[in-house]
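Colleague: Could you look at this predicted model? Sequence included:
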Amino acid sequence: MKEKKQEEKPLPEVRYFDYKDVDTLGRFLNPHGRIIGRKHTNLKAKQQRDLARAVKNARFMGLIPYTIR
């Protein structure tokens, strides 16, 4: 018997990912600081690539830590 998946809270609809908007980017990171996959975020492929690019830029600029302990 398969277990039911727990319903996750819906993530906000975002048109443009800005690397300076740390609060929005933080919603797409798990507690360890990794980017959440497309299956859980329900983003399209281009949106996921834009998200990854924005998170990487924010990490490089020091706005988001690379890892969270």
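Modeller: Nice, thanks for sending it over.
Colleague: So what's the residue count around Arg53?
Modeller: 12 (other Cβ atoms under 10 Å). No exception for glycine: its C-beta is placed from N, CA and C like everyone else's.
Colleague: Next up, the contacts around it.
Modeller: For Arg53, the contacting residues are Phe17, by Cβ atoms under 8 Å, 6 or more residues apart in numbering.
Colleague: tell me which element it is part of?
Modeller: Secondary-structure element containing Arg53, defined by DSSP states H and E: helix 45-61.
Colleague: center of the chain, which residue is that?
Modeller: A centroid search over the chain (Cα atoms, centre = their mean) returns Phe28, at 2.1 Å, as the residue closest to the centre.
Colleague: what's near enough to touch that one?
Modeller: When contacts are counted by Cβ under 8 Å, 6+ apart, Phe28 is found next to Leu11, Ile35, Ile36, Thr41, Leu51, Val55.
Colleague: of these, buried ones?
Modeller: Those of those that meet the buried threshold are Ile35, Ile36, Thr41, Leu51, Val55, by 16 or more other Cβ atoms under 10 Å.
Colleague: which residues does the first one contact?
Modeller: When the contact criterion is Cβ under 8 Å, 6+ apart, the partners of Ile35 are Phe28, Leu29, Leu51, Ala52, Val55.
Colleague: Now do stretch 15-28: distance to the chain's middle.
Modeller: Taking the mean C-alpha point of stretch 15-28 and that of its whole chain, the gap between them comes to 8 Å (Cα atoms, centre = their mean, to the nearest Å).
Colleague: end-to-end on that stretch?
Modeller: In stretch 15-28, first residue to last residue: 14 Å (Cα to Cα, to the nearest Å).
Colleague: same deal with stretch 13-26?
Modeller: Here stretch 13-26 reaches across 14 Å from its first residue to its last, counting by Cα to Cα.
Colleague: in stretch 32-51, what counts as buried?
Modeller: Ile35, Ile36, Thr41, Leu43, Gln47, Gln48, Asp50, Leu51.
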